[in-house]
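S.K.: I'd like to go over a predicted model; first the sequence, then the structure.
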Amino acid sequence: MFIFEMRFDKQIVLVTGGSNGIGAAIVKRFVDEGARVIVFDIKKPAQEVEFFKVDICDEEQIKQAVEQIDKIDVLVNNAGIYFQEPIVNTSKESLDRIIDVNVKGPYLMCKHCIPKILLSKGNIVNIASGLGVVPESSSPAYCSSKAAVIMLTKCLAQEYAREGIRVNSVLPGPIDTPLLRKSFENDADKVVCENKNPMRRIGKPREVANIVVFLASEEASYVTGGMYAVDGGESTSSVYSK
């Protein structure tokens, strides 16, 4: 990928869940490209960017924060949670929580940000997951929530294409983040994860951020409604899907 400096000069980029992991890498890449970055999160980011303490499950918090932002050129819906639980053991509370964060959160962010994105003819990038298209039997709730994000992306891309708004989704595979590390019970689990991947490694947060920045840029001006896997080939691997 060719990197052009300051592609987002004078643009405002709003990132949810931008305080760590993939979100922090996305924030850094946009800052490096000259953007004014705003983070919505429940934890303050280490990077020196504008920050609103927002729980994306709370529509009123979203609404009040968005009202304080003059314009939005790019919205990146990155905040999300993960858990592994067979369906018969999944509590209603756990199911409600993952749907609130992974589905309702991006939905409500789009609802309140789109009026401002329309004014700037900006775009939206939703962080879904390769598990939104390839099932993982141990995490049906998570897989279902990310499949919903992919369909939300497609619906919004169709609805707003004539209005000049592009909407795309990025589908990370295993990426070296606190969220992934929490899913490993020991070092052996990490080795299994690496060996299952066609490229025999776990991805880096910056590798996801690179695709997000490209999709949000004018270089992707004819790209909308797409799904872009950043997973070392897992989602197209017959070995992975068994």
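M.R.: Now that the structure is in, tell me what you want to look at. The model shown is predicted, which means the values in this text are computed figures rather than measured ones. Numbering: from 1, shown residues only.
S.K.: and the contacts of the one helix or strand R181 maps to?
M.R.: Element membership for R181 (DSSP states H and E) is helix 178-182. For helix 178-182, contacts defined as CB atoms under 8 Å, 6 or more residues apart in numbering pick out N20, G21, G80, I81, Y82, P174, C193, I202. Using the backbone N, CA and C atoms, a C-beta is placed for each residue, glycine as well.
S.K.: let me know the next secondary structure element after the lowest-mean-pLDDT helix or strand in the chain.
M.R.: Taking mean pLDDT, DSSP states H and E as the measure, the chain has helix 178-182 as its least confident helix or strand, at a mean of 76. As assigned by DSSP H and E, the chain's next helix or strand after helix 178-182 is helix 187-196.
S.K.: any idea which helix or strand comes after that next one?
M.R.: In N-to-C order, the element after helix 187-196 by DSSP H and E is helix 205-216.
S.K.: which residues touch that next one?
M.R.: Contacts for helix 205-216 (CB under 8 Å, 6+ apart): 1, 7-8, 13, 21-22, 24-26, 28-30, 33, 74, 76, 123, 125, 127, 166, 168, 170, 172, 175-177, 220, 223, 226, 228, 230.
S.K.: in strands only, show me these.
M.R.: Residues of those located in strands (DSSP state E): V13, V74, V76, N123, V125, I127, R166, N168, V170, P172, Y228, V230.
S.K.: picking up where we left off before, what's the PyMOL line that selects buried ones from the contacts of helix 205-216?
M.R.: In PyMOL, a selection of the buried entries from the contacts of helix 205-216 looks like this (16 or more other CB atoms under 10 Å):
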select buried, resi 7+8+13+21+22+24+25+26+28+29+30+33+74+76+123+125+127+166+168+170+172+175+176+177+220+223+228+230
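S.K.: partner residues bridging the residue nearest the centre of the chain?
M.R.: Geometric centre of the chain, nearest residue: I127, 2.1 Å, by CA atoms, centre = their mean. For I127, the beta-bridge partners are V170 (DSSP bridges).
S.K.: check contacts around it.
M.R.: I22, V76, N77, N78, G80, V149, S169, V170, P172, V208, V212.
S.K.: can you redo those residues as CSV with distance to N197 and pLDDT?
M.R.: Below are the contacts of I127 laid out as CSV (distance: CB to CB, whole Å; pLDDT from 0 to 100):
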residue, distance to N197, pLDDT
I22, 17, 96
V76, 25, 98
N77, 25, 98
N78, 22, 98
G80, 20, 95
V149, 22, 98
S169, 21, 98
V170, 17, 98
P172, 12, 96
V208, 15, 97
V212, 21, 98
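S.K.: check what pLDDT S238 gets.
M.R.: For S238, the model assigns a pLDDT of 57.
S.K.: where does this protein have low pLDDT?
M.R.: Along the chain, the model assigns pLDDT under 70 to residues 1-5, 238-242.
S.K.: list the contacts of the residue nearest to Q158 when sequence neighbours are not counted.
M.R.: Excluding the flanking residues, the one nearest Q158 by CB to CB, 6 or more residues apart in numbering is G225, at 6.7 Å. For G225, the contact set (CB under 8 Å, 6+ apart) comprises T153, K154, A157, Q158, A161, V167, N168.
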